[in-house]
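Asks: The following block contains a protein sequence and its predicted model.
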Amino acid sequence: ASGHCSMLQGRYSEALSEYLHAYKSAPHEPIIPLCIAAAMLNKACVKKMVGRHQLIIQAFAFLQEYGSKRPGKLGEMELYYNMGRAAQALGLDHLAVQFYERVIPPVAVDEVVVFIEPKTSVEREAAYNLALIYQGSGSIELAKQLTRQYLTF
């Protein structure tokens, strides 16, 4: 609990310390590697952070571990969503797109748009984030198509 409070207060080093302690105590728990990855990524986003690249690589390794502890299709989708979200937060939109497209299939422009009811909130969130990336890169029509296909009712 103190790790979460530290994260909310922006004290990422303290949160990371708490999460690593929890990881040693309960290495089988899937949520702990996710929390560690989040703390590392937040810490890496601080300007002029020494060892930033190493933190990012370690964070992605903990995301992979989280994914391995969440078996099945939903676990795989959560892994790719979280990796996409991490890449997007780091400004690596080209990587984020690849991860998000593993959660939902890419949209082809100029085809008949059929609404696809997302089966999970992970699909809906991935579609939303992907639409934001498309819109930000100037692919407005692709963003609209994705929004119509996955996000409108």
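Replies: In hand now; what should we look at?

Asks: So for H21, what's the pLDDT?
Replies: Model confidence at H21, expressed as pLDDT, equals 96.

Asks: what about it, is that helix, strand or coil?
Replies: Secondary structure, DSSP: H, G, I helix; E, B strand; the rest coil: H21 is helix.

Asks: Low-confidence bits of the protein, can you list those?
Replies: For the chain, the stretches with pLDDT under 70 are 106-119, 153.

Asks: Can you show me the helices along it?
Replies: Counting by DSSP state H, the chain has helices at residues 2-8, 12-25, 31-44, 52-68, 72-89, 93-103, 121-136, 140-150.

Asks: Please work out which of the ones you listed is packed deepest.
Replies: For the helices of the chain, average neighbour numbers computed from mean count of other C-beta atoms under 10 Å are highest in helix 31-44, which has a mean of 22. (Glycine included, C-beta is placed from N, CA and C.)

Asks: May I have that helix as PDB, with CA atoms only?
Replies: Only the C-alpha atoms of helix 31-44 are listed here, as PDB (Å, rounded to 0.1, in the frame of the first residue of the first chain):
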ATOM      1  CA  ILE A  31       0.400  -7.500 -10.300                       C
ATOM      2  CA  ILE A  32       3.800  -6.800  -8.600                       C
ATOM      3  CA  PRO A  33       5.900  -6.900 -11.800                       C
ATOM      4  CA  LEU A  34       3.300  -4.500 -13.400                       C
ATOM      5  CA  CYS A  35       3.700  -2.100 -10.500                       C
ATOM      6  CA  ILE A  36       7.500  -2.300 -10.700                       C
ATOM      7  CA  ALA A  37       7.300  -1.600 -14.500                       C
ATOM      8  CA  ALA A  38       5.100   1.400 -13.900                       C
ATOM      9  CA  ALA A  39       7.400   2.800 -11.200                       C
ATOM     10  CA  MET A  40      10.400   2.300 -13.500                       C
ATOM     11  CA  LEU A  41       8.700   4.000 -16.400                       C
ATOM     12  CA  ASN A  42       7.600   7.000 -14.400                       C
ATOM     13  CA  LYS A  43      11.100   7.300 -12.900                       C
ATOM     14  CA  ALA A  44      12.600   7.100 -16.400                       C
END
